[in-house]
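Chemist: structure of the sequence below:
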Amino acid sequence: MAVLQQPVNNSNPFGDVIGDDLAPAGTYVATVLDIKDEFGIQRQKYQSTEMETVDLTTFLFGFRDAQGTAHRVSSKRMKISGNEKSTLFGFLKGMLGHAPQYGWDYCTLKGKQCLLTVEHIQRRDGSGVFAAIASLSPVPAGYGGNVESVTPPQPPHQSGQHGAGQALQAAPAAPSVAPSAPQPAPTALAAPAAAPSSGDDPIPF
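Modeler: Purely as a prediction, here's the structure:
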């Protein structure tokens, strides 16, 4: 018997911003342009037919290649989890160069720079390649520098989707169902990134 299944949302929340641009493979000084949190997302568990409700976050980076052309690349959608084995924990550890502190608001990384390596991965359907983030690390002292500023496109704000500040929490002792509604923004333990100016070029990359 055929059973109609509920569709699973696997789309990239920054797909409209990136468009058809294929970021070139290589290592670049990149800027965190945006971070989007999504709450109460239904998805299929890994290697299982069972569904789960999770909170996800995605990072958008911008950089310029050797010719000065601007490119954007996003991370994969990562479960918001403070477990040391989670994808998000390892992602933040790579970017910071050290383990993130629990209770810290990772949205303060907006506007920060890091060293980012882009790789091209073959699509499963054989229709070409896509750009993915292979690794992240802090920018070494004296390496590169800021380049000409550009204005990143501002996608429409959607209530309950755009991250207003999500603190990294320690992993619970027992599995629990992720909340289906946004949580209040916590007080960041780290100094927040400087707010963009109101001019035409708020974020350099």
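
Chemist: how about the helices in this protein?
Modeler: Taking DSSP state H, the helices of the chain run over residues 15-18, 87-96.

Chemist: out of those helices, which is the most enclosed?
Modeler: Burial of these is given as mean neighbour count (mean count of other CB atoms under 10 Å); helix 87-96 ranks first at a mean of 18. Where C-beta positions appear, they are placed from N, C-alpha and C, glycine not excepted.

Chemist: picking up where we left off before, quick one: the helices of the chain as TSV, columns for mean pLDDT and distance to residue 124 too.
Modeler: Formatted as TSV, the helices of the chain follow (pLDDT from 0 to 100; distance: least, CB to CB, whole Å):
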stretch	mean pLDDT	distance to residue 124
helix 15-18	92	17
helix 87-96	97	19
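
Chemist: would you list those in a markdown table and tack on distance to residue 24?
Modeler: Output for the helices of the chain, formatted as a markdown table (distance: least, CB to CB, whole Å):
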| stretch | distance to residue 24 |
| --- | --- |
| helix 15-18 | 13 |
| helix 87-96 | 20 |
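
Chemist: name the helix or strand of the chain that has the lowest mean pLDDT.
Modeler: In the chain, no helix or strand scores lower on mean pLDDT, DSSP states H and E than strand 149-150, which sits at a mean of 35.

Chemist: how about low-confidence regions in the chain?
Modeler: Where the chain drops to pLDDT under 70, the residues are 1-10, 144-167, 170-205.

Chemist: how about a cut-off of 80?
Modeler: 1-11, 143-205 (pLDDT under 80).

Chemist: longest strand in it, please.
Modeler: strand 26-44 (DSSP state E).

Chemist: paired strands for that strand, with orientation please.
Modeler: strand 51-64 (antiparallel), strand 113-122 (antiparallel) (DSSP bridges).

Chemist: tell me which of those sits most buried.
Modeler: strand 51-64 (a mean of 20).

Chemist: reformat the strands paired with strand 26-44 as CSV; add distance to residue 136.
Modeler: Shown next, in CSV, are those (distance: least, CB to CB, whole Å):
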stretch, distance to residue 136
strand 51-64, 9
strand 113-122, 5
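
Chemist: of those strands, which is nearest residue 91?
Modeler: strand 51-64 (7.6 Å; CB to CB).

Chemist: against residue 61, how distant is the nearest residue to residue 55 once chain neighbours are set aside?
Modeler: Computed as CB to CB, 6 or more residues apart in numbering, the closest residue to residue 55 that is not its neighbour in sequence is residue 80, at 4.3 Å. Remark: distance between residue 80 and residue 61 (CB to CB, to the nearest Å) = 19 Å.

Chemist: so residue 41 bridges to which residues?
Modeler: residue 54.

Chemist: in contact with it, which residues?
Modeler: Contacts of residue 41 were listed using CB atoms under 8 Å, 6 or more residues apart in numbering, and they are 9, 53, 54, 55, 56.

Chemist: and residue 78, how many neighbours does it have?
Modeler: Look at residue 78: counted by other CB atoms under 10 Å, it has 19 neighbours.

Chemist: please apply the same query to residue 65.
Modeler: By other CB under 10 Å, neighbour count at residue 65 equals 13.

Chemist: so it sits against residue 24, correct?
Modeler: Yes: Residue 65 lies in contact with residue 24 (CB atoms under 8 Å); the separation is 5.4 Å.
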